[in-house]
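Trainee: Okay, structure incoming, though there's no sequence with it:
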């Protein structure tokens, strides 16, 4: 789980996954969940939540809090693959500039967020959390808008599930996914937008507070 191994793995379309009672495994599944930026689904309820909460959205301001919140939320429901070793590894990857977070705030409280790896034009999502309804989706929406502004390619969501399908994710065969990943990696990109800051108008022209 060193940063160099994580960096190499993600560049090849491979990610680590832990299940209780099993050793750490490295995965490149036959089908990959992908969100195309222009196909992200913004529901009426999500727009309503954004208008009601008028959240602040930041990037990379509290990465450790985000990963700890993701870990705690899953621990209380179905258990978590974010072991202590995983947590330390991704915090180190963040310190080395390849792991990033998006944070959603309401009345000074962290109410949602996500984190993942980005070292090319592809954001490889790892986990998300919310303490208020729809706030993990608000984090994803803000991420989509951020990537659109900075020549992002797509979001790798790893494994398909009903929650991701609601957001517009679709399944891509491994061969096609690896071709998309390679294409996005060989093009020029600038990741300076991941410097710590608050996003202005995080939901673009779609929503005006």
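Mentor: Great, that's in hand. Bear in mind the structure is a predicted one, so any value in this text is a computation, not a measurement. Numbers count the residues shown, from 1 in each chain.
Trainee: now the helices: where do they sit in this structure?
Mentor: Assigned by DSSP state H, the chain shows helices spanning 3-11, 44-53, 63-75, 84-95, 135-149, 162-166, 174-185.
Trainee: Figure out which of these is closest to residue 125.
Mentor: Residue 125 lies closest, by C-beta to C-beta, to one member of the helices of the chain: helix 135-149, at 8.0 Å. (C-beta placed from N, C-alpha, C; glycine too.)
Trainee: helices or strands up against that closest one?
Mentor: In terms of contacts (3 or more C-beta pairs under 8 Å, 6 or more residues apart in numbering; DSSP states H and E), helix 135-149 is packed against helix 44-53, strand 56-59, strand 99-106, strand 109-118, strand 122-130, strand 154-158.
Trainee: List the contacts of that helix.
Mentor: Helix 135-149 is contacted by residues 35, 37, 40, 42, 46, 49-50, 53, 55, 57, 59, 102-104, 106, 111-114, 123, 125, 128-130, 152-153, 155, 167, 193, 199, 202-204, 206 when judged by C-beta atoms under 8 Å, 6 or more residues apart in numbering.
Trainee: which parts of it are buried?
Mentor: Neighbour counts over helix 135-149 (16 or more other C-beta atoms under 10 Å) mark 135-147 as buried.
Trainee: average pLDDT for it?
Mentor: Helix 135-149 shows a mean pLDDT of 97.
Trainee: Let me know the angle separating that helix from strand 109-118.
Mentor: 50 degrees (axes from the mean of the first three to the mean of the last three C-alpha atoms, to 10 degrees).
Trainee: Okay, angle between helix 135-149 and strand 122-130 too, please.
Mentor: Using the same axes, to 10 degrees: helix 135-149 against strand 122-130 is 160 degrees.
Trainee: What about residue 16, how many residues nearby?
Mentor: By other C-beta atoms under 10 Å, the residues close to residue 16 number 20.
Trainee: Who does residue 155 form a beta bridge with?
Mentor: Bridge pairing for residue 155 (DSSP bridges) gives the partners residue 35, residue 123.
Trainee: Contacts only, for residue 60.
Mentor: Residue 60 touches 94, 100, 101, 194, 195, 196, counting by C-beta under 8 Å, 6+ apart.
Trainee: Any figure for the gap between the nearest residue to residue 32 once chain neighbours are set aside and residue 41?
Mentor: Distance criterion C-beta to C-beta, 6 or more residues apart in numbering; nearest residue to residue 32, sequence neighbours excluded, is residue 177 at 4.2 Å. In this view, residue 177 and residue 41 are 20 Å apart by C-beta to C-beta, to the nearest Å.
Trainee: what about these two, which has more around it?
Mentor: For residue 177 versus residue 41, neighbours defined as other C-beta under 10 Å are more numerous around residue 177 (22 against 13).
Trainee: Now that the more buried one has come up, it's in contact with residue 33, right?
Mentor: No. Judged on C-beta atoms under 8 Å, residue 177 makes no contact with residue 33 at a distance of 9.4 Å.
Trainee: intersection of neighbour lists for those two?
Mentor: What both residue 177 and residue 33 touch, as defined by C-beta under 8 Å, 6+ apart, is the set residue 156.
Trainee: Flag the shaky bits of the chain, pLDDT-wise.
Mentor: Across the chain, the ranges flagged by pLDDT under 70 are 74-80, 205-209.
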